[in-house]
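# Sequence and computational prediction follow.
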Amino acid sequence: MKLNRIFAFIFLAFAFAACNKKNTELFNDGIYTGIGNGRDGAIEIRVIIRNNRVSEAKVISSNDTPEIAIPAENELLYYFIQDGNTNQLDVISGATLTSNGIIDALEMALDQARGKKFEKSSYNNTSCDIVIIGAGGAGLVAATEAASKGAKVILLEKMGIVGGNSNYSTGGINAAYTEEQKKLGIVDSKEVFFDDTMKGGQELNDPDLVHTLIDNSADIVKWLQSDLIGADLSEVGMFGGATNKRIHRPKGGGAIGAHLIPLLKSAALKTGVDIRLNNRVVEILENNGAACGVRVFCNNSEYKISAKAVIITTGGFGANPQLIEKYHPEFHGFATTNHSGATGDAIELVEKFNAAFVQMEQIQTHPTVVAGGSGIMITEAVRGNGAILVNRDGKRFVDELQTRDFVSTAVLTERGGTAFILFDQGVRNSLSAIENYAKQGLLTQADSLEELAKKMGADGQALSQTVKKYNKYVENKKDEDFLRNPISMERKLELPPFYAIEIEPAVHHTMGGLKINTKAEVQNTDGQSIPALYAAGEVTGGIHGANRLGGNAVADICIFGKIAADSALSYIEK
């Protein structure tokens, strides 16, 4: 653990202990340790109780990235020491997993101070209608859909928190011909959406799966905004590879993951889903070729769940460097934006069923990830709202809203293999997600382009000329250098201060995976559906082809998660 983390919490412990409000609860004085699960593993926190109040709280160990974790730790522990409880603590935007891990650890410590004794939770063999493996976005959607229609559902998650990679999703959900687009006067169509997706995937996408994605996109937006979920998808923006504005997100441009996952978790619980964390599936059970349940490992013991249908929503393998190198050796040593649980567990789980996989070599990098191996992604919405990319010479070198593979390749060919994303206060004002980057200390800021260039190590005169030329293109709605889509050129870069973030490509999404049909039924190598076995989300392949368009992942997990649940329910009824 880095020294700055230790010093920060020693300071907090002493600076704010006196601010602790009078607590009506009865705590036993003593030193207590709580453990929660953060982004990259366990977070251990020590809490000291004196005279029935919290006098100190300090992180003892954490593997989470300091740039993300320390601001969240500082803020949460500050308010925890002031209030003496976790009731008023909210997750810090941009550090959802870390925040939840901290809050869970603090609550565990307080429970011990209340006199609660902790015993390792254990489960007995049981049964249900549908068991779902993986509580990311796809798993939560599938569980909610099935349970809302009367099924008994158990949702298993090997990590200590729900959400998976969906927690980090900052963009939004792509959909065409929606009521939101109509309200905003946006002209779009399913046909253009289809063409954009196929072009982005270099025509390697399965057309039937793409049509299913697009045909259900408007309806899934309605479903997410219904009383069952309650999402806000009222803002529609521009993303890379899209002809028209179609990425739906919360008002103000907030991160979709931090908004959607808590709502999906709440909906799942309200509909009666049994969510079990820290439960790792080690085997999918089989009977006469059909999936019939799972074997689960939890707290050094195993148990079995018999089920009428099994849905796999375990996500991709972007955090498994061995598999990344196996399928795409050129990405050896690349950083990843993925959470630590994205390790490709499904690959071994489905071996006994002779399941088919497709396009495993198709792995996407995200072009704008904070340089230095941090894995912190700068959402495409920053470029969609007007930011540009410049190199160390202070010059643009690519159409910023091209597909992710195209932009990543362009960045890697620049000197040093990195570049800078550049924007002004106007862009910052237009997108609340940027405030998360500011809180993490990621923004290089200056009152003039010349001063900013100096901090970047770039040519100030060249940078000023680049921005001046780009602003002229915005004015004329025509990018004469790189033919950027004029729809994404709504803002000149002229309102100081100016900002820059050094970026590089990192492994982001694995497009390959289990082969499914339009009913989300897992296929075997003979081209037949495996009875009672379904899959949805990044664990599947074929939908995105060689390159996934930003905004299509959330559409994918929600649409096919819902389809998987409905298909499983139909199978059970038969």
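That came in fine, so what should we check first?
# can you give me the helices in the stretch 351-500 of the chain?
380-384, 404-412, 425-430, 433-439, 449-456, 460-476 (DSSP state H, counting those that start in this stretch).
# And the pLDDT for residue 462?
pLDDT recorded at residue 462 is 97.
# Could you measure from the residue lying closest to it once chain neighbours are set aside over to residue 289?
Distances taken as CB to CB, 6 or more residues apart in numbering put residue 394 closest to residue 462, at 3.6 Å, once the chain neighbours are dropped. All C-beta spots, glycine's among them, are computed from the backbone N, C-alpha and C. Counting by CB to CB, to the nearest Å, the gap between residue 394 and residue 289 amounts to 62 Å.
# between these two, who's got more neighbours?
Neighbours per residue, other CB atoms under 10 Å: of residue 394 and residue 289, the larger number sits with residue 394, 23 against 15.
# The more buried one and residue 518, how far apart?
Distance, residue 394 to residue 518, by CB to CB: 49 Å.
# In a helix, residue 508, correct?
No. With DSSP: H, G, I helix; E, B strand; the rest coil as the criterion, residue 508 is located in strand rather than a helix.
# quick one on the thing from earlier: for the residue nearest to residue 462, give me phi and psi.
With angles defined as degrees, to the nearest 10, residue 394 sits at phi 80, psi 20.
# Let me know the pLDDT of it.
Confidence score, pLDDT, at residue 394: 97.
# Please list all residues in contact with residue 190.
Counting by CB atoms under 8 Å, 6 or more residues apart in numbering, residue 190 makes contact with 176, 177, 214, 215, 217.
# got the phi/psi numbers for it?
phi -60, psi -30.
# In a strand, residue 49, correct?
Yes. Checked against three-state DSSP, residue 49 lies within a strand.
# Show me this protein divided up by domain.
3-113, 126-132+145-309+332-362+511-562, 364-507 (automatic domain parsing).
# hang on, the earlier thing: go ahead and confirm the residue nearest to residue 462 touches residue 454.
No. Checked against CB atoms under 8 Å, the pair residue 394 and residue 454 is beyond contact range at 10.7 Å.
# Tell me the spatial nearest neighbour of residue 31, not counting adjacent residues.
residue 48 (5.3 Å).
# How many residues are close by that neighbour?
Residue 48 has 18 neighbours, counted by other CB under 10 Å.
# one step back: what's the residue nearest to residue 462 in contact with, if anything?
453, 456, 458, 459, 460, 461, 462, 463, 464, 465, 466 are the contacts of residue 394 under CB under 8 Å, 6+ apart.
# Where does pLDDT dip in the stretch 351-500 of the chain?
By pLDDT under 70, the stretch 351-500 of the chain has no low-scoring segment.
# ok so, going back, give me the common contacts of residue 394 and residue 454.
Counting by CB under 8 Å, 6+ apart, the residues touching both residue 394 and residue 454 are residue 460.
# so which of the helices of the stretch 351-500 of the chain gets nearest residue 530?
helix 404-412 (31.5 Å; CB to CB).
# was I right about residue 460 contacting residue 454?
Yes. Contact status for residue 460 versus residue 454: in contact at 6.2 Å, counting by CB under 8 Å.
# Can you give me the neighbour number for residue 439?
Residue 439: 17 neighbours (other CB under 10 Å).
# Find the nearest non-adjacent residue to it, please.
The shortest distance from residue 439 to any non-neighbouring residue, by CB to CB, 6+ apart, is to residue 71 (5.3 Å).
# Please put the alpha-carbon coordinates of the helix or strand hosting that neighbour into PDB.
When secondary structure is defined by DSSP states H and E, residue 71 falls within helix 66-83. Taking C-alpha atoms only, helix 66-83 is exported to PDB below (Å, rounded to 0.1, in the frame of the first residue of the first chain):
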ATOM      1  CA  PRO A  66      -4.800   4.800  -5.800                       C
ATOM      2  CA  GLU A  67      -5.800   7.500  -8.400                       C
ATOM      3  CA  ILE A  68      -9.400   6.200  -8.100                       C
ATOM      4  CA  ALA A  69      -9.400   4.800  -4.500                       C
ATOM      5  CA  ILE A  70      -7.800   7.600  -2.500                       C
ATOM      6  CA  PRO A  71     -10.300  10.300  -3.300                       C
ATOM      7  CA  ALA A  72     -13.200   7.900  -2.500                       C
ATOM      8  CA  GLU A  73     -11.500   6.700   0.700                       C
ATOM      9  CA  ASN A  74     -10.900  10.300   1.800                       C
ATOM     10  CA  GLU A  75     -14.400  11.500   1.200                       C
ATOM     11  CA  LEU A  76     -16.200   8.400   2.600                       C
ATOM     12  CA  LEU A  77     -14.100   8.100   5.800                       C
ATOM     13  CA  TYR A  78     -14.500  11.900   6.400                       C
ATOM     14  CA  TYR A  79     -18.200  11.600   6.500                       C
ATOM     15  CA  PHE A  80     -18.200   8.300   8.300                       C
ATOM     16  CA  ILE A  81     -16.100   9.700  11.200                       C
ATOM     17  CA  GLN A  82     -18.300  12.800  11.400                       C
ATOM     18  CA  ASP A  83     -21.600  10.900  11.500                       C
END
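# Tell me which residues touch residue 449, please.
Contacts of residue 449 by CB under 8 Å, 6+ apart are 460, 463, 464, 467, 498.
# Let me know the closest of the residues you listed to residue 266.
residue 498 (40.1 Å).
# Pull the contacting residues for the closest one.
422, 423, 424, 425, 445, 446, 447, 448, 449, 452.
# quick one: the fourth one and residue 492 touch, right?
Pointing back at residue 425 there. No. Residue 425 is not in contact with residue 492 according to CB under 8 Å; the separation is 11.8 Å.
# CA-only coordinates of stretch 27-46 in CSV, if you can.
Coordinates of each C-alpha in stretch 27-46 appear next as CSV, following Å, rounded to 0.1, in the frame of the first residue of the first chain:
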residue,chain,number,x,y,z
PHE,A,27,-21.2,0.3,20.6
ASN,A,28,-18.6,-1.6,22.6
ASP,A,29,-15.3,0.2,22.8
GLY,A,30,-12.5,-1.5,21.0
ILE,A,31,-10.7,-2.0,17.7
TYR,A,32,-12.6,-3.7,14.9
THR,A,33,-11.7,-4.7,11.4
GLY,A,34,-14.1,-4.9,8.5
ILE,A,35,-13.5,-6.3,5.0
GLY,A,36,-15.3,-5.4,1.8
ASN,A,37,-14.7,-6.2,-1.9
GLY,A,38,-13.3,-3.3,-4.0
ARG,A,39,-12.4,-3.1,-7.6
ASP,A,40,-9.3,-5.2,-7.4
GLY,A,41,-9.9,-7.3,-4.3
ALA,A,42,-10.4,-7.0,-0.6
ILE,A,43,-10.4,-3.6,1.2
GLU,A,44,-9.6,-3.9,4.9
ILE,A,45,-10.5,-1.1,7.3
ARG,A,46,-9.8,-0.7,11.0
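# hang on, the earlier thing: adding pLDDT, write the contacts of residue 190 out as TSV.
Output for the contacts of residue 190, formatted as TSV (pLDDT from 0 to 100):
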residue	pLDDT
176	96
177	93
214	98
215	98
217	98
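# Just name the closest of those to residue 386, please.
For these, the residue nearest residue 386 by CB to CB is residue 176; the value is 23.1 Å.
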